[in-house]
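> Sequence plus predicted model, see below.
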Amino acid sequence: MFRILVSDKMSGDGLKPLLDAENVEIVQQNVADVEEQLHTFDALLVRSATKVTEELLSKMSQLKIVGRAGVGVDNIDIEAATKHGVVVINAPNGNTISTAEHTFAMMASLVRHIPQANISVKSREWNRSAFVGTELYGKSLGIVGFGRIGTEIANRARAFGMDVLVFDPFLTKERAIKMGVTVCTLDELLQTADIITVHTPLTKETKGILNKETIAKTKKGIYLLNCARGGIIDEEGLIYHLENGHIAGVALDVFEVEPPQSSKLLDFEQVITTPHLGASTKEAQLNVAAQVSEEVLLFLDGNPVTSSINLPTLSKEVYEKIQPFHLLAKQMGNIVSQCMKEPVHDISIDFEGSVTDLETSYITKSLITGFLRPRVDSTVNEVNAGIIAQERGISFGEKYIPNNSGYENCITVKVSGDHSAFEIKGTYVPHYGQRIVALNGFDIDFYPVGHLLYIQHTDKPGVIGRVGQILGEHGLNIATMQVGRKNKGGEAIMMLSFDKQLEQASLNELKNIQDIVSIHTIEL
Ligand SMILES: NC(=O)c1ccc[n+]([C@@H]2O[C@H](COP(=O)([O-])OP(=O)(O)OC[C@H]3O[C@@H](n4cnc5c(N)ncnc54)[C@H](O)[C@@H]3O)[C@@H](O)[C@H]2O)c1
Ligand SMILES: O=C(O)CC[C@@H](O)C(=O)O
């Protein structure tokens, strides 16, 4: 049974997949009201009100996934979630149309002074001359950030007969042409636009992208809108240019501090506002809650997620192709870790053959997870493996090499430690399974599961027999056995598998056999 905490208010219909699921218990309460139970939840669903901080994550020791019912994840400490091995997902498309429509409604209201006129009429005034507006038709609309919402705004603006200028450093020319918008630099947009609306995420680069200096470059009488994130337009800069009469009007759905109780912006007649309502429609709330609910359920049932912020996102179809290699890589990492009982500083992973057609970064993360598990603890997973490796001074990298192994696909892992190095090769054979096909240059072939014993020895008569004898005396049945050697009478290896874990007494006796160089038990 999975326990899911829904901390912010969400559409009941949207949560239906979770409410209907048999293996799930849902608690719809704010995090602050379930302080004692925080350690019992497997998943946390939030909108923008709940702040998912390092402190909260530390208290939620069972947490596996945070689902953000919306786009912006600035209320979630992604770095901390990643460190805690918690997957963060969002619902990127569900509220696009609602937010675009809200922005457009704000724009129309702004240039026609609708909120101010509404207050005036309700105050029993009839002051038509005070509210003379401006047409949108024929005006230049500058859009900063041309993603999902920016694109929808452009479609609507073109339908209103507006020229659309776009600034987005990540926008390709082909897409701009297809969308019928003019791509320009930020300066060109500032100097040409009659109305500017921002639709970027709040990042180091976009924080204050419109500020005292950049707003000064805009036309006198400019209209500015922010329905994205508070802070993208610097509020002090806005106040400065509202006071000096440069700005004709501002529409804000979002603020640097929400609610903006003490903001001076609220005192300006030319500033119209809404309380972060962009996504507040029945449709958007249904969409985003349903999207995260379905995704969280899939994840808890062991499926890949499609909109993760801190994991490579994979479709189910792609995941099914990757899954055998994901498992193979985890087993390989685990084997090396158990055989190399020393500090390790580098892990290099070579992919060859058909596996290179897949998203190998996911396979690499699985390998690092498998390697770290015996050294760290079970909290390491694909989300935090990279960070944990880095913290422990272990570098890792992957590359694709020509397919010379003789296998249709092959993964080779070379691990460098303080005193030695280890190399392992694995392959996946459909309908046959994962196989380890080489260890430290010895050709071998074994299935990486269960209780294994890896022995390095000298290739001499009687060694294998002695091993079998000691194991028999301890009542240990050898399930499978593989041997490998490079030269007659030289170094050799054995890989044995058992139905149960070996006890220390049998290992001690095996270690005493002359010509045995080393022994490692491996538990997979
Ligand atoms: N008011 C609301 O209720 C509400 C609702 C939904 C989304 N939002 C916010 O709207 C914003 C846009 O959402 P979206 O779904 O369109 O996101 P998106 O990721 O689809 O688009 C963001 C765009 O910004 C561009 N960008 C990034 N850095 C930039 C920079 N330095 N300069 C210019 N462009 C840059 C990206 O290339 C991308 O095209 C986000 O901040 C989101 O949180 C607000
Ligand atoms: O939850 C909300 O209503 C706000 C959502 C919005 O800001 C978002 O980024 O998706």
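Here it is on my side, so go on. Ligands and ions are numbered 1, 2, ... in the order given.

> Quick check: which ranges of the stretch 251-400 of the chain have low pLDDT?
Within the stretch 251-400 of the chain, the stretches with pLDDT under 70 are 312-313, 377-379.

> Around ligand 2, which positions in it sit nearby?
Contacts of the stretch 251-400 of the chain with ligand 2, taken as CB under 6 Å from any ligand atom, map to 276, 278-280. For the C-beta atoms, the positions are set from N, CA and C on the backbone; glycine is no exception.

> can we see that at 5 Å?
Ala279 (CB under 5 Å from any ligand atom).

> Most proximal residue of the stretch 251-400 of the chain with respect to ligand 2?
In the stretch 251-400 of the chain, the residue that lies nearest ligand 2 is Ala279 (4.0 Å; CB to the nearest ligand atom).

> Can you give me every residue that contacts the residue nearest to that residue when sequence neighbours are not counted?
The shortest distance from Ala279 to any non-neighbouring residue, by CB to CB, 6 or more residues apart in numbering, is to Asn95 (3.6 Å). Contact partners of Asn95, counting by CB atoms under 8 Å, 6 or more residues apart in numbering, are 70-71, 278-279, 281, 284-285, 287-288.

> cool, Val164 as well?
Neighbours of Val164 in contact, by CB under 8 Å, 6+ apart: 140-141, 143, 154, 157-158, 180-182.

> for it, helix, strand, or coil?
Secondary structure assignment for Val164 (DSSP: H, G, I helix; E, B strand; the rest coil): strand.

> Give me the distance between the closest residue to Leu439 other than its chain neighbours and Glu491.
Counting by CB to CB, 6+ apart, the nearest residue to Leu439 once its immediate chain neighbours are dropped is Ile424, at 5.7 Å. With distances taken as CB to CB, to the nearest Å, Ile424 is found 16 Å from Glu491.

> do stretch 32-50 and ligand 2 meet?
Yes: contact between stretch 32-50 and ligand 2, assessed by CB under 5 Å from any ligand atom, occurs at 47-48.

> List the contacts of that stretch.
2-10, 15, 27, 30-31, 52, 56, 59-70, 72, 75-76, 276, 289, 292-293, 296, 299-300.

> from those, which ones fall inside helices?
Here DSSP state H is the test, and the contacts of stretch 32-50 give 56, 59, 289, 292-293, 296, 299-300 as lying in helices.

> next SSE after the lowest-mean-pLDDT helix or strand in the chain?
One helix or strand of the chain scores below all others by mean pLDDT, DSSP states H and E: helix 173-179, with a mean of 84. With elements assigned by DSSP states H and E, the helix or strand that comes after helix 173-179 is strand 182-183.

> hang on, the earlier thing: need the ones in helices among the contacts of stretch 32-50 in TSV with distance to Val88 and neighbour count, can you?
Formatted as TSV, the ones in helices among the contacts of stretch 32-50 follow (distance: CB to CB, whole Å; neighbours: other CB atoms under 10 Å):
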residue	distance to Val88	neighbour count
Leu56	13	21
Lys59	17	15
Ala289	16	29
Val292	11	31
Ser293	15	29
Val296	11	27
Phe299	11	22
Leu300	15	18
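
> and the closest residue to Tyr428 other than its chain neighbours, what does it touch?
Leaving aside its sequence neighbours, Tyr428 sits nearest to Pro324 (CB to CB, 6+ apart; 4.5 Å). Counting by CB under 8 Å, 6+ apart, Pro324 touches 428, 430, 433-434.

> Quick one: which of those residues is the most crowded by neighbours?
For these, the largest number of neighbours (other CB atoms under 10 Å) sits with Tyr428, at 23 neighbours.

> Assign a three-state SS to that residue, would you?
strand.

> so who does it touch?
324-325, 328, 355, 409, 434-435.

> List the ones among these that fall in helices.
Those of the contacts of Tyr428 lying in helices (DSSP H): 324-325, 328.

> so which residue of the chain comes closest to ligand 1?
Gly147 (1.7 Å).

> Against Gln270, how distant is the nearest residue to that residue once chain neighbours are set aside?
Leaving aside its sequence neighbours, Gly147 sits nearest to His199 (CB to CB, 6+ apart; 6.5 Å). Noted for His199: a distance of 22 Å to Gln270, by CB to CB.

> of those two, who's got more company?
Set side by side, His199 and Gln270 show more neighbours around His199, with 28 against 15, by other CB under 10 Å.

> Throw the contacts of Pro324 into CSV and include distance to ligand 1 and pLDDT, thanks.
Conversion of the contacts of Pro324 to CSV gives the following (distance: CB to the nearest ligand atom, whole Å; pLDDT from 0 to 100):
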residue, distance to ligand 1, pLDDT
Tyr428, 36, 98
Pro430, 38, 94
Gly433, 41, 96
Gln434, 38, 98
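
> Of these, which is the nearest to Ile444?
Nearest to Ile444 among the contacts of Pro324: Gln434, at 13.6 Å, using CB to CB.

> got the contact list for Arg373?
Arg373 touches 333-334, 337, 380, counting by CB under 8 Å, 6+ apart.

> do Ile493 as well
So Ile493 contacts 439-440, 442, 444, 454-457, 483-485 (CB under 8 Å, 6+ apart).

> what about the closest residue to Ala329 other than its chain neighbours, neighbour count?
Leaving out its chain neighbours, the residue that sits closest to Ala329 by CB to CB, 6+ apart is Leu367, at 3.8 Å. Leu367 has 29 neighbouring residues, counting by other CB under 10 Å.

> hang on, Leu367 packs against Gln331?
No: with contact defined as CB atoms under 8 Å, Leu367 does not count as touching Gln331 (9.1 Å).

> For this protein, what lies in contact range of ligand 1?
By CB under 5 Å from any ligand atom, the part of the chain that sits against ligand 1 consists of 71-72, 95, 99, 145, 147-149, 168, 170, 199-201, 205-206, 227-229, 253, 278-279.

> Just the buried ones from these, in PyMOL syntax?
Applying 16 or more other CB atoms under 10 Å to those, the buried members can be selected in PyMOL as follows:
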select buried, resi 71+72+95+99+145+147+148+149+168+199+200+206+227+228+229+253+278+279
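
> Among the residues of the chain next to ligand 1, which are located in helices?
99, 148-149.

> Looking at those, which is nearest Lys511?
Distances from Lys511 to these, taken by CB to CB, are shortest for Arg148, at 62.6 Å.

> Excluding chain neighbours, what is closest to that closest one?
Of all residues not flanking Arg148 in the chain, Thr96 sits nearest, at 4.4 Å (CB to CB, 6+ apart).

> which phi and psi does the residue lying closest to Asn404 once chain neighbours are set aside have?
Excluding its sequence neighbours, the residue lying closest to Asn404 (CB to CB, 6+ apart) is Glu352, at 7.2 Å. Per-residue torsions, Glu352: phi -140, psi 160 (degrees, to the nearest 10).

> still on that earlier bit, just the ones of the contacts of Ile493 in strands?
Among these, the residues falling in strands (DSSP state E) are 439, 442, 444, 454-457, 483-485.

> Pretty sure Lys212 sits against Glu243.
No: counting by CB under 8 Å, no contact exists between Lys212 and Glu243, whose distance comes to 11.2 Å.

> The two: which is more packed in?
Set Lys212 next to Glu243 and count neighbours by other CB under 10 Å: Lys212 wins out with 14 against 11.

> From the recorded domain assignment, give the ranges for this protein.
Segmentation of the chain into domains, based on automatic domain parsing, reads 2-92+283-300, 96-273, 316-523.

> Pull the distance from the last one to the chain's centre.
Going back to what we said before, that points to domain 316-523. 29 Å (CA atoms, centre = their mean, to the nearest Å).
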